[in-house]
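**Student:** predicted model follows, preceded by the sequence.
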Amino acid sequence: MCLSICNCGFHRSPGWHFILLSVIGLGLSFIAGCQPFKPEARSLGGEVPGRFSLYSGEVDPDLHWWESFGDPELNRLVERALTGNFNIQEAWARLRQSRALAVQAGAGRYPDLTGSADFLKGRQRSVAIGGSSFEFEDARLGLVSRYEIDLWGRVRARHRSALLQAEASRQDLNAAAVTITAEVARRWIGILSQRMQKALLEEQLRINRTLLELVELRFRNAMVSALDVYQQKQLVENVLAEIPLVEQEEQLLMHQLAVLMGQPPRADLRITSGRLPEPTPLPPAGLPADLLAARPDVVAAGLRLQAADWQIAEARANRLPALSLTARAQYGDGDLEALFDNWLLTLAANLTLPIIDGGSRRAEVDRTRAVADENLAAYRDTVYTAVKEVEDALVQETKQQQHIERLQQAAQTARRALEEAGVRYRKGLNDYLPVLTQLLSVQNLERDLIRKQANLLTARVGLYRAIGGSWPDTLEMPDMKKLDASTPEKEEAGTGTHD
């Protein structure tokens, strides 16, 4: 149903501007009596603990945590990943999309203006005046403007919702940056761990071969049986069999890291380091309440909840009458020299009121409320998950450190036992089995220590990731043309693999 309030034409009448101002004044008076819809007040519910189990001070949200490892190569890898990673580039594209949608949603808050130009030339024949014909020309310029008076705040609510969605997209980008930096650091730790494993295996292989030569010498002197030789030779072969697996894992991690940085799997990442960094003291984790502002995924979930509340306001306002204004201006009549001597101005106001829609608008209100409830549940889940991840990381960090300390004590004891078994073996007090058993124990503990030290650093990365931070706010949208030009093939290092 559409009710036309006013449809007036003005031809340079002295009172046309008075009538126009009167109509506008009546419209403004009507607007003043309207109450725009706003988001409904809701309780977020749920509780977060006041402190973590291990409180260690306030966290610095702007800290570039990967710099705490003190490795320039890691800093370079992270910097490259923050611009070259494809997931981050996708997040930038989604952010541009959401910002464009916000501009479109906000366009309805302002009048639009459309221009037109028409030129008509022709010949007309008239039977009534003796069948004579004549030529004519007609040139016209026109302007049309439309504007919806936002009586109930529908347009404003839609714009506000779109703005919040755009802000949430930015937080999604920040969350992707936090995740990517953590994944880069984990792959980097894994690569160094595998290199240390390989170096250790090569050292163990050298020791085992030396022992094999000694056992073979004793066998040739009929001091031991052939069984001792075969047992030691089996230990040498077991170590040889482990080396390809370590090399394989290093290469797989290199491929994963290259893709994380937006490079081909076999790109040369120029990682020259071969040892894990020493762990630094436990960083401060702050308070659980700090995560509400420090974790980008928590912030994004909260923004989407607010956007859903504004969508409810838009759906409620859409059930009420809508008032729109249309203004048209047209100039010209034949002779272009007299263009501005012939013009027409019209102003129309249309009021539309939904009467029967089969319950569509009411169902839309119910749908948007259900969407808001869904976002509320998602927000609570995100908050609790964030607190859990910090608690998990703190527990892993603490217990892993204790485990490493006890593992080091076990390795020290195993070395003493190996030394004692070797002395007794050389004196002929026992066979080679105790020596072999202790040798296997020492070498397994040495390998396990490297893995556990890597796990400790990985837990530290997990803690930094769980804490989040506002440092991704400083990231700027990359220039895709320059990024595309900087392909791995054109870089100074070229391509290749680590040997």
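**Tutor:** Nice, thanks for sending it over.
**Student:** for the rest of this, base every contact and every neighbour count on C-alpha atoms.
**Tutor:** Noted.
**Student:** for this protein, which segments count as helices?
**Tutor:** 16-32, 72-84, 86-107, 154-220, 226-260, 291-294, 296-317, 360-426, 433-467, 480-485 (DSSP state H).
**Student:** how near is the closest residue to residue 435 other than its chain neighbours to residue 211?
**Tutor:** Of all residues not flanking residue 435 in the chain, residue 421 sits nearest, at 5.2 Å (CA to CA, 6 or more residues apart in numbering). Applying CA to CA, to the nearest Å, one obtains 13 Å for the distance of residue 421 from residue 211.
**Student:** so which of the two has more stuff around it?
**Tutor:** Here residue 421 and residue 211 are set side by side on neighbour count (other CA atoms under 10 Å), and the busier one is residue 421, at 23 against 16.
**Student:** residues contacting the more buried one?
**Tutor:** By CA atoms under 8 Å, 6 or more residues apart in numbering, residue 421 lies in contact with 434, 435, 438.
**Student:** same question, residue 155
**Tutor:** Counted by CA under 8 Å, 6+ apart, residue 155 has contacts 105, 106, 108, 109, 314.
**Student:** at 10 Å what do you get?
**Tutor:** With CA atoms under 10 Å, 6 or more residues apart in numbering as the criterion, the residues that contact residue 155 are 105-110, 148-149, 161, 313-314, 317-318.
**Student:** least trustworthy helix or strand in this structure by mean pLDDT?
**Tutor:** In the chain, no helix or strand scores lower on mean pLDDT, DSSP states H and E than strand 2-10, which sits at a mean of 37.
**Student:** just to revisit the earlier point, buried only: go through the contacts of residue 421 for me.
**Tutor:** Neighbour counting over the contacts of residue 421 (16 or more other CA atoms under 10 Å) leaves 434, 435, 438 as the buried ones.
**Student:** where's the residue nearest to residue 435 relative to residue 315, distance?
**Tutor:** As judged by CA to CA, residue 421 and residue 315 stand 82 Å apart.
**Student:** which residues does the residue most central in space within the chain contact?
**Tutor:** Central residue of the chain (CA atoms, centre = their mean): residue 176, 2.7 Å from the mean position. By CA under 10 Å, 6+ apart, the contact list for residue 176 reads 82, 85, 87, 88, 89, 90, 91, 170, 182, 296, 297, 472.
**Student:** below-threshold pLDDT in the stretch 1-150 of the chain: ranges please.
**Tutor:** 1-35, 41-57, 121-138 (pLDDT under 70).
**Student:** repeat the analysis, applying 80 as the threshold.
**Tutor:** For the stretch 1-150 of the chain, the stretches with pLDDT under 80 are 1-61, 116-141.
**Student:** how about the stretch 251-400 of the chain?
**Tutor:** When the per-residue scores of the stretch 251-400 of the chain are filtered using pLDDT under 80, the ranges that remain are 283-292, 329-353.
**Student:** one more time with 90, if that's ok
**Tutor:** In the predicted model of the stretch 251-400 of the chain, residues 266-268, 274, 279-295, 314, 317-361, 364, 387, 390-391, 394, 397 satisfy pLDDT under 90.
**Student:** skipping adjacent residues, who's closest to residue 215 in space?
**Tutor:** Ranked by CA to CA, 6+ apart and with sequence neighbours excluded, the top spatial neighbour of residue 215 is residue 229, at 5.9 Å.
**Student:** next, count neighbours for residue 427.
**Tutor:** Summarising burial for residue 427: neighbours were counted as other CA under 10 Å, giving 10.
**Student:** what's near enough to touch it?
**Tutor:** residue 421.
**Student:** for residue 421, see how far away it is.
**Tutor:** Distance, residue 427 to residue 421, by CA to CA: 10 Å.
**Student:** rewinding a little: confidence score at the residue nearest to the centre of the chain?
**Tutor:** The per-residue pLDDT reported for residue 176 equals 95.
**Student:** state the distance from it to residue 92.
**Tutor:** For residue 176 relative to residue 92 (CA to CA), the value is 10 Å.
**Student:** same thing with residue 151?
**Tutor:** For residue 151, the distance to residue 92 - CA to CA - is 35 Å.
**Student:** what's the answer for residue 237, then?
**Tutor:** Where residue 92 is concerned, residue 237 sits at a distance of 52 Å (CA to CA).
**Student:** who has more neighbours out of these two?
**Tutor:** Higher neighbour count among residue 237 and residue 92: residue 92, with 20 against 13, using other CA under 10 Å.
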